[in-house]
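Asks: Coordinates for the following, if possible.
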Amino acid sequence: VARDLAAIEGNPEAAPWLRDSYELQPAPTEGGAGQRWSNAIELAAIGRWRRAAAIFEAIAAELPENAGARFNLALCQGWTAQNEAAAASLERFAQLEADAERALHALALAQCLDPRESAQSVDVVRIRYPIREASRLIQKLKDHSRLQVHVLDAQQGELEEGVKDEFYLLNKDFVKDADAATMENLPAIVGVVRTRGTSLELEFAEPAADDARPGVVLEAAGDTVDPNGERIVAGTIPLSTVRLRRMWGLPSNAGPEAVHRIRLIVHEQNYRAVWPETPLGWLGNKTPREACQVPELKRILRAAVLLNEYATEAAQFDIDLSELRRGLGLEPEPTLDGSSIEIDRLPLARLRQVRAESLSTPRLRTLFERALRFSLSLAIQRAAATLVARPADRDQFDAVPAFRSLIEFARMRADRAAAQDWIG
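Replies: Numbers count the residues shown, from 1 in each chain. You can find the predicted model right below:
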């Protein structure tokens with residue numbers, strides 16, 4: 001159990017709000033619900049979270065302005081994997097809570113639990129073309145500059161049932177030289193082409209009246225398929241999913257450094273131009289640009305930017321979101337001085353805001369150890385760099401883990417020069 005818990009705590013793919021520890025708020029001294037409240041806390045302590053949630057739900061209905069009851073209800077719902085209900089309870093808690101920081105982080109946790117894609121959706125179209133000559137089809141698809149091989153001759157379970165080959169359809173010719181890839185010439189994946197039984201299948205989202213994608217596939221396939229395909233609307237997909245989870249056609253010869261650089265420029269483009277103009281469920285299906293004009297959405301928007309900020313950190317992208325914040329009318333997140341905070345009680349998501357150089361060496365070591373335990377890369381690197389810059393204090397800490405961390409993060413960023421500097 002301890003090993004599994006450590007693996008969860010140290011998983012950087014999970015946002016820090018999901019890995020932090022939370023305590024049920026104590027019963028109020030007034031209001032008449034004290035005994036039931038205390039009973040619910042006792043039930044939660046022995047793992048009877050559903051029963052505790054039912055009690056807190058009743059109390060919240062009786063005391064609709066009590067923030068603590070709503071927070072406790074949210075925790076019990078979350079502990080029983082009722083994510084949407086927990087998110088709704090956290091949203092209500094944030095409306096009631098007087099402490100702005102607690103309300104902010106409750107909203108961030110809520111958005112982690114229930115991402116809420118946009119209500120706006122687009123069609124997903126599927127066209128199936130009868131294959132005339134399978135022996136030449138695959139080679140023709142491989143030779144076309146707007147198609148990129150994903151899987152050929154798939155093994156059982158590798159692709160959807162019945163699919164043998166799969167290609168990505170690109171919106172422009174693929175880039176041959178990874179080092180020459182830029183946002184201007186990098187192709188986006190705008191559809192999927194599959195061989196399924198006796199058909200060539202094209203699937204793509206957000207079709208336009210004069211959509212060129214079917215024509216590109218028919219051009220690639222040539223006379224190996226019947227151009228009179230069967231077209232259906234296979235379903236719908238949220239607009240936010242289409243825009244924010246777009247994939248890109250990376251050059252097949254791309255090494256680690258090139259891949260990291262390409263992923264970085266794609267993410268920068270996303271935060272600069274795509275995300276601000278995409279409707280989001282948490283913003284009432286408004287875009288961030290629209291939501292920043294609505295006062296009651298400002299805190300939710302601020303929490304959403306925090307989640308984006310952590311996503312860039314977890315992926316080892318040093319992307320500064322200050323410009324995004326300014327464009328949305330949001331203040332910079334506050335920097336925290338170590339002289340006035342309790343490092344071991346600070347929310348995990350706030351460790352990145354601590355000014356490491358303001359800490360005494362013992363407190364700095366606490367910051368480094370806590371950040372390392374929870375794999376919070378930015379806090380780890382700032383604390384580690386500050387630690388190793390204090391050679392006179394080496395008797396107070398072991399510098400090896402700090403150096404090791406700095407080297408490892410440089411390696412993850414494919415920054416050989418930085419890694420060598422720390423090794424040297």
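Asks: Please give the centre-to-centre distance between the helix or strand where Ala40 lies and its chain.
Replies: Secondary-structure assignment from DSSP states H and E places Ala40 in helix 34-45. Relative to its chain's centre, helix 34-45 lies at 35 Å (Cα atoms, centre = their mean, to the nearest Å).
Asks: which outside residues touch it?
Replies: 24, 26-28, 49, 51-52, 55-56, 58-59, 69, 72, 75-76, 79 (Cβ atoms under 8 Å, 6 or more residues apart in numbering). Using the backbone N, CA and C atoms, a C-beta is placed for each residue, glycine as well.
Asks: Return the subset of those lying in helices.
Replies: Trp49, Arg51, Ala52, Ile55, Phe56, Ala58, Ile59, Ala69, Asn72, Leu75, Cys76, Trp79 (DSSP state H).
Asks: My guess is the fifth one contacts Asn72. True?
Replies: Which is Phe56. Yes. Under the criterion of Cβ atoms under 8 Å, Phe56 makes contact with Asn72 at 4.7 Å.
Asks: ok, now which ones touch Ala384?
Replies: Phe368, Pro401, Ala402, Phe403, Ser405, Leu406.
Asks: Out of the residues you listed, who's the most crowded?
Replies: Phe368 (27 neighbours; other Cβ atoms under 10 Å).
Asks: what's the longest helix along the chain packed up against?
Replies: Taking DSSP H as the criterion, the chain has its longest helix at helix 298-314. For helix 298-314, the helices and strands in contact under the criterion 3 or more Cβ pairs under 8 Å, 6 or more residues apart in numbering; DSSP states H and E are helix 100-113, helix 288-291, helix 322-327, helix 377-388.
Asks: how much does that helix deviate in direction from helix 377-388?
Replies: Relative orientation of helix 298-314 versus helix 377-388 (axes from the mean of the first three to the mean of the last three Cα atoms, to 10 degrees): 60 degrees.
Asks: Report the distance from helix 298-314 to the chain centre.
Replies: Relative to its chain's centre, helix 298-314 lies at 9 Å (Cα atoms, centre = their mean).
Asks: what comes up buried for that helix?
Replies: Using 16 or more other Cβ atoms under 10 Å as the test for burial, helix 298-314 gives 299-314.
Asks: next one: stretch 186-197
Replies: Buried, per 16+ other Cβ under 10 Å, within stretch 186-197: Leu186, Pro187, Ile189, Val190, Gly191, Val192, Val193, Arg194, Thr195, Arg196.
Asks: Now render the residues you listed as a markdown table, adding pLDDT, distance to Asp177 and secondary structure.
Replies: Formatted as a markdown table, those follow (pLDDT from 0 to 100; distance: Cβ to Cβ, whole Å; DSSP: H, G, I helix; E, B strand; the rest coil):
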| residue | pLDDT | distance to Asp177 | secondary structure |
| --- | --- | --- | --- |
| Leu186 | 95 | 12 | coil |
| Pro187 | 96 | 13 | coil |
| Ile189 | 97 | 19 | strand |
| Val190 | 97 | 22 | strand |
| Gly191 | 98 | 24 | strand |
| Val192 | 98 | 25 | strand |
| Val193 | 98 | 24 | strand |
| Arg194 | 97 | 28 | strand |
| Thr195 | 97 | 29 | strand |
| Arg196 | 95 | 33 | strand |
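Asks: Now do the same for the spatially closest residue to Tyr310 that is not a sequence neighbour: its pLDDT.
Replies: Closest residue to Tyr310 apart from its sequence neighbours, by Cβ to Cβ, 6 or more residues apart in numbering: Ala15 at 5.5 Å. Model confidence at Ala15, given as pLDDT, is 96.
Asks: same check, this time on the one 3 residues further on
Replies: For Leu18, the pLDDT comes out at 96.
Asks: you'd agree it is in a strand?
Replies: No. Per DSSP: H, G, I helix; E, B strand; the rest coil, Leu18 lies outside any strand segment and is helix.
Asks: Surely it touches Cys112?
Replies: Yes. Using Cβ under 8 Å, Leu18 makes contact with Cys112 at a distance of 5.2 Å.
Asks: more crowded one of these two?
Replies: Ranked by neighbour count (other Cβ under 10 Å), Leu18 and Cys112 place Cys112 first, with 21 against 15.
Asks: tell me the contacts of the more buried one?
Replies: So Cys112 contacts Ala15, Trp17, Leu18, Leu307 (Cβ under 8 Å, 6+ apart).
Asks: 6 Å - rerun?
Replies: Cys112 makes contact with Ala15, Trp17, Leu18, according to Cβ atoms under 6 Å, 6 or more residues apart in numbering.
Asks: Let me know the distance separating it from Arg263.
Replies: 22 Å (Cβ to Cβ, to the nearest Å).
Asks: got it, and Gln156?
Replies: In this view, Gln156 and Arg263 are 31 Å apart by Cβ to Cβ.
Asks: next one: Gln35
Replies: For Gln35, the distance to Arg263 - Cβ to Cβ - is 55 Å.
Asks: Please say which of the two ends up with more neighbours.
Replies: Taking other Cβ under 10 Å, Gln35 and Arg263 do not tie; Arg263 has more neighbours (16 against 9).
Asks: check which helix or strand covers that one.
Replies: Assigned by DSSP H and E, Arg263 falls in helix 256-269.
Asks: buried residues in stretch 272-280?
Replies: So, applying 16+ other Cβ under 10 Å, buried residues of stretch 272-280: Trp275, Pro276, Thr278, Pro279, Leu280.
Asks: now swap in stretch 213-230 and tell me
Replies: Buried residues in stretch 213-230, counting neighbours by 16+ other Cβ under 10 Å, are found at Arg213, Pro214, Val216, Val217, Leu218, Ala220, Ala221, Thr224, Val225, Gly229.
Asks: Now intersect the residues you listed with the strands, please.
Replies: With strands defined by DSSP state E, no entry of these lies inside them.
Asks: Please convert these to JSON lines, extending it with pLDDT and distance to Asp177.
Replies: Shown next, in JSON lines, are those (pLDDT from 0 to 100; distance: Cβ to Cβ, whole Å):
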{"residue": "Arg213", "pLDDT": "97", "distance to Asp177": "26"}
{"residue": "Pro214", "pLDDT": "98", "distance to Asp177": "30"}
{"residue": "Val216", "pLDDT": "98", "distance to Asp177": "23"}
{"residue": "Val217", "pLDDT": "98", "distance to Asp177": "26"}
{"residue": "Leu218", "pLDDT": "98", "distance to Asp177": "29"}
{"residue": "Ala220", "pLDDT": "97", "distance to Asp177": "22"}
{"residue": "Ala221", "pLDDT": "97", "distance to Asp177": "27"}
{"residue": "Thr224", "pLDDT": "97", "distance to Asp177": "30"}
{"residue": "Val225", "pLDDT": "97", "distance to Asp177": "32"}
{"residue": "Gly229", "pLDDT": "95", "distance to Asp177": "35"}
